[in-house]
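K.L.:
Give the three-dimensional model of this entry:
(one chain, ligands or ions: 1)
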Amino acid sequence: MSLPLHHLDLNRPDFIADPYADLARLREETPIFYDESWNKVFFTRHADISALLRDKRLGRSILHILSRDELGWPPPDPRLKEFQRFQDNVFMDWEPPAHTRLRSLVSKVFTPKRVESLRGKLEATVHQLIDAVEADGGCDFVRDIAEPLPVAMIADLLGVPEADRHRLRPWSAAIVKMYELGYTDEQAEEANRAASEFMSYIGELAAERRLHPQDDLISGLVQVEEAGQTLSEDELRATCIFLLNAGHEATVNGSALGLRALLGHPEQLAALKEAVAGGDVSLLKTGVDEMLRYDTPLPMFERYVLEDLEIGGVRLERGMEVALLYISGNRDPLRFERADQFDLARRDNPLLTFGLGTHYCLGAPLARLEMQVLFGTLLRRLPNVHLAGEAEFARGFVIRGLASLPIGF
Ligand code: HEM
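P.N.:
Numbers count the residues shown, from 1 in each chain. This next block holds a predicted model:
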């Protein structure tokens, strides 16, 4: 079968805000298509996406088996040298066995036990954030609650001092712009500068921890580096930065999109309030997963084809790039009953939001706990929470979220 052609205008603001009707049509009529302008094969159905994520013939990188020359790629942009130095050392973009080495090291910190031990701190942080705005009768949920909470948690885990935390968000925001399809020259320059400053900053912090180790992840990684010589200085710095970024960007957006969905469904909101007030946490658990399925904060990830393969009657050749629309798979009626319905009690919910396979999100237990504590505490403290204006979407599809969400309480 030859591939149907279609162009997906991912960066159109109305598509970013509500891509679901377009995606439903594609899933039905053209579930797999080639987009010439992005030079990628797009997949929209849950079954195809989950099969590809589990298939070892695809990977997040390809440069471990083919050179840039062999792939016909231009040389790396010298203006992006610092960004590239960071990105080349991000283990999410490696494949086994190099990937396994770093992933197993970092996963020690994200064990269910360690994550659960953060519950008290998380609750205290949510209370503090609510204390700061309660008397005002309203706030911007993104700026005042959704953003500071995960930033504080991941900075705490890593060991970034409180006084420096305000620097993290702007660096991260500049870096993640590079993951959008079609960034501007200005964004590229910003990202390069942010990567350079962030790498130096983490280098200084690591040097300090080498002298005075503490019970945090930076100290842990420094000690590994010294003991086994298995982590280079750039790997150490890039891993910390990557964790700081991955550890908050999607959680901010998942929480904001989740609250928007919740406040837009009064009967679901009432049920969750009642469950929370009665101390029943089961609806909170299924509910957070439903929020993450219903409106997906990281809609799309890509893979390279490492070996020729066939899927859905389509032949993919080595070197091709595929774009997997998790956001579409999450609404696929072939996999989800009443896929477009927001149902906090949904039990059969194989959401693609955290990925699958080799690169399955290492922070999923932390993200889930953060959102469960956030929504539980919010509804207990502010039971009259309601929308107080229009939600404003941020620009960008690959990292999708709200710039602001005015709420009253
Ligand atoms: C709602 C919040 C989050 C969402 C939706 C999310 C989503 C994802 C997804 C989809 C992937 C896999 C990417 C792919 O398939 O190519 C991933 C990987 C990863 N995430 Fe998350 N994430 C979230 C929160 C977190 C948090 C809190 C952390 C904590 C540090 C984290 C750390 C990571 C790491 C380290 C990886 C790389 C795993 C690997 O390559 O082995 N994430 N995340």
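K.L.:
from memory Ala191 sits against Phe83, does it?
P.N.:
Yes: Ala191 is within contact range of Phe83, at 5.0 Å (criterion: CB atoms under 8 Å). C-betas here are computed from N, CA, C, even on glycine.
K.L.:
Quick check: residues of the chain near the ligand?
P.N.:
60, 92, 103, 154, 243, 246-247, 250-251, 254, 292, 297-298, 301, 353-355, 359, 361-363, 366-367 (CB under 6 Å from any ligand atom).
K.L.:
so what sits against both of Ala191 and Phe83?
P.N.:
Contact criterion CB atoms under 8 Å, 6 or more residues apart in numbering; residues shared by Ala191 and Phe83: Ile175, Met178.
K.L.:
List the residues that contact the residue of the stretch 251-400 of the chain found nearest the ligand.
P.N.:
Proximity of the stretch 251-400 of the chain to the ligand (CB to the nearest ligand atom) peaks at Gly363, 1.9 Å away. Contact analysis of Gly363 by CB under 8 Å, 6+ apart lists Phe110, Ala246, Gly247, Thr251.
K.L.:
do you know how far Leu221 is from the ligand?
P.N.:
Leu221 sits 13 Å away from the ligand, taking CB to the nearest ligand atom, to the nearest Å as the criterion.
K.L.:
Helix or strand next in line after the host helix or strand of that residue, which one?
P.N.:
Under the criterion of DSSP states H and E, Leu221 resides in helix 217-228. Following helix 217-228 in sequence order, the next helix or strand is helix 233-246 (DSSP H and E).
K.L.:
packing partners for that following helix?
P.N.:
helix 81-87, helix 98-107, helix 148-158, helix 168-176, helix 185-211, helix 217-228 (3 or more CB pairs under 8 Å, 6 or more residues apart in numbering; DSSP states H and E).
K.L.:
contact partners of the fourth one?
P.N.:
Contacts made with helix 168-176 from outside it, assessed by CB under 8 Å, 6+ apart, are listed as 83, 86, 147, 151, 155, 160, 187, 190-191, 193-195, 197-198, 241, 244-245, 248-249, 399.
K.L.:
Give me the buried subset of those residues.
P.N.:
If you count burial by 16 or more other CB atoms under 10 Å, the buried members of the contacts of helix 168-176 come out as 83, 86, 147, 151, 155, 160, 190-191, 194-195, 198, 241, 244-245, 248-249, 399.
K.L.:
ok now do Leu292, which residues does it touch?
P.N.:
The contact partners of Leu292, by CB under 8 Å, 6+ apart, come to Gly254, Gly258, Leu351, Thr353, Phe354, Met371.
K.L.:
Report the secondary structure state of the third one.
P.N.:
Looking back up the chat, that one is Leu351. Counting by DSSP: H, G, I helix; E, B strand; the rest coil, the backbone at Leu351 sits in coil.
K.L.:
Tell me how far the residue nearest to it when sequence neighbours are not counted lies from His248.
P.N.:
Residue nearest to Leu351 in three dimensions, not counting chain neighbours: Arg293, with 4.0 Å by CB to CB, 6 or more residues apart in numbering. Applying CB to CB, to the nearest Å, the value for Arg293 to His248 is 20 Å.
K.L.:
Dihedrals phi and psi, Leu324?
P.N.:
phi -110, psi 120 (degrees, to the nearest 10).
K.L.:
so how far is Phe301 from it?
P.N.:
From Leu324 over to Phe301 (counting by CB to CB), the distance is 6 Å.
K.L.:
higher neighbour count, those two?
P.N.:
Taking neighbours as other CB atoms under 10 Å, Leu324 and Phe301 compare with Leu324 leading, 26 against 19.
K.L.:
What score does the more buried one have for pLDDT?
P.N.:
Listed pLDDT for Leu324 reads 98.
K.L.:
dump the residue contacts of it.
P.N.:
Contacts for Leu324 (CB under 8 Å, 6+ apart) come out as Phe43, Ile49, Leu52, Leu53, Met300, Phe301, Glu302, Arg303.
K.L.:
The residue nearest the centre of the chain: which element?
P.N.:
Centroid-nearest residue in the chain: Ala250, 3.7 Å away (criterion: CA atoms, centre = their mean). Element membership for Ala250 (DSSP H and E) is helix 249-263.
K.L.:
what's near enough to touch Cys362?
P.N.:
Rather than Cys, residue 362 is Leu. Taking CB under 8 Å, 6+ apart as the criterion, Leu362 is in contact with Arg103, Val106, Ser107, Phe110.
K.L.:
Just name the closest of those to His127, please.
P.N.:
Distance to His127, by CB to CB, is smallest for Phe110 among the contacts of Leu362, at 24.3 Å.
K.L.:
ok, so what distance separates the closest one from Thr251?
P.N.:
13 Å.
K.L.:
So for these two, which residue has more residues nearby?
P.N.:
Neighbours were counted for Phe110 and for Thr251 using other CB under 10 Å; Thr251 has more, 27 against 18.
K.L.:
ok, and the closest non-adjacent residue to the more buried one?
P.N.:
What sits nearest to Thr251 in space, not counting adjacent residues and going by CB to CB, 6+ apart, is Pro150, at 3.9 Å.
K.L.:
Could you do Thr30 as well?
P.N.:
Using CB to CB, 6+ apart, the closest residue to Thr30 is Pro4 (4.9 Å).
K.L.:
Over to Tyr179?
P.N.:
Nearest residue to Tyr179, sequence neighbours excluded (CB to CB, 6+ apart): Val398, at 5.1 Å.
K.L.:
likewise Ala277?
P.N.:
Excluding the flanking residues, the one nearest Ala277 by CB to CB, 6+ apart is Arg380, at 6.8 Å.
K.L.:
same question, Leu263
P.N.:
Leu263's closest residue in space is Leu387 (CB to CB, 6+ apart), at 4.9 Å.
K.L.:
my read: Gly59 touches Leu306, true?
P.N.:
Yes: at 5.1 Å, Gly59 counts as touching Leu306 under the criterion of CB under 8 Å.
K.L.:
what do those two both touch?
P.N.:
Glu95.
K.L.:
Which one of these two is surrounded by more residues?
P.N.:
Set side by side, Gly59 and Leu306 show more neighbours around Gly59, with 22 against 19, by other CB under 10 Å.
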